[in-house]
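Novice: Predicted coordinates and the sequence they were generated for:
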Amino acid sequence: MATQTHLLDRRRATLLVVDVQEKINAVMAEEGHVPRLRVLLEGCDALGVPILATEQYPQGLGSTVSELSERLPAPPLVKLTFSCPRDPQVRQALESDPDRRQVVVTGIEAHVCVLQTTLDLLAAGFEVHVPHDATNSRRPRDKEWALRRMAAAGAVITSTESVLFELLERCATDEFKAVSKMLKQVPVP
């Protein structure tokens, strides 16, 4: 039996941005998740990795924050379920390409929608990578325990920079130079 490396592969990966909406984002603990999400969006777009975004009940929580929405290739999918795969439209989008079985799950809140999405994707046989610095919750302890639970369930807990360098796979390319430049613009905590 072959050993899984759990390295991301741009031919197999999808980026999923979960519910980074105006009203709920305004009450998140300040951990710099939005600039990292912006870099993930720009980097995945440059590398040809498909991007999906969701909005949870936008009538109440508002639209996706403008810093991210202007970088999305398509409007966010609206859902009423906490878990993205439990919404038929989102699930269909995630399963539209049977070769894309790696999902990078980001967004808010880590202990609600991101956690439930991750657990359901794992149960459905997807390989899930969660960049800790591109997720957030109102309370840092909720995020911490959610990340622990996701890891215990089999998710790969990683970072924005790790995700992008795994997707790049090599240096000395124009893509490497572009992504490196993007990463230098992210504030260091």
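Specialist: Alright, I've got the coordinates.
Novice: Do a quick rundown of the strands in the protein.
Specialist: 13-18, 51-56, 77-79, 102-108, 127-131, 135-136, 156-158 (DSSP state E).
Novice: Need the winner for burial among the ones you listed.
Specialist: The highest average neighbour count among these, using mean count of other C-beta atoms under 10 Å, belongs to strand 135-136 at a mean of 30. Every C-beta, even on glycine, is put in place using the N, C-alpha and C of the backbone.
Novice: Do me a favour and average the pLDDT over it.
Specialist: For strand 135-136, mean pLDDT is 97.
Novice: One more: stretch 67-76?
Specialist: Average pLDDT, stretch 67-76: 95.
Novice: swap in stretch 17-35?
Specialist: Mean predicted lDDT for stretch 17-35 stands at 93.
Novice: Show me which residues of that stretch are buried.
Specialist: Going by neighbour count (16 or more other C-beta atoms under 10 Å), the buried part of stretch 17-35 is V17, V18, D19, V20, Q21, I24, N25, M28, E31, H33, V34.
Novice: Nearest to D120 among these?
Specialist: V18 (11.9 Å; C-beta to C-beta).
Novice: if I read this right, E161 contacts M182, doesn't it?
Specialist: No - taking contacts as C-beta atoms under 8 Å, E161 lies outside contact range of M182: 10.2 Å.
Novice: The spatially most central residue of the chain - nearest residue in space that isn't next to it in sequence?
Specialist: What sits nearest the mean C-alpha location of the chain, by C-alpha atoms, centre = their mean, is T106, with 2.6 Å. Here the nearest residue to T106 in space, its sequence neighbours aside, is A134; by C-beta to C-beta, 6 or more residues apart in numbering that works out to 4.1 Å.
Novice: so how many other residues sit close to the one you found?
Specialist: Each residue near A134 was counted by other C-beta atoms under 10 Å, and the total is 30.
Novice: what does S96 give?
Specialist: 11.
Novice: contacting residues for it?
Specialist: S96 makes contact with no residue under the criterion C-beta atoms under 8 Å, 6 or more residues apart in numbering.
Novice: Got phi/psi on it?
Specialist: Per-residue torsions, S96: phi -60, psi -30 (degrees, to the nearest 10).
Novice: didn't C44 look like it was pressed against L16?
Specialist: No - C44 is beyond contact range of L16, at 10.4 Å (criterion: C-beta under 8 Å).
Novice: Overlap in contacts, the two.
Specialist: V104.
Novice: and K184, how far is that from E166?
Specialist: K184 sits 18 Å away from E166, going by C-beta to C-beta, to the nearest Å.
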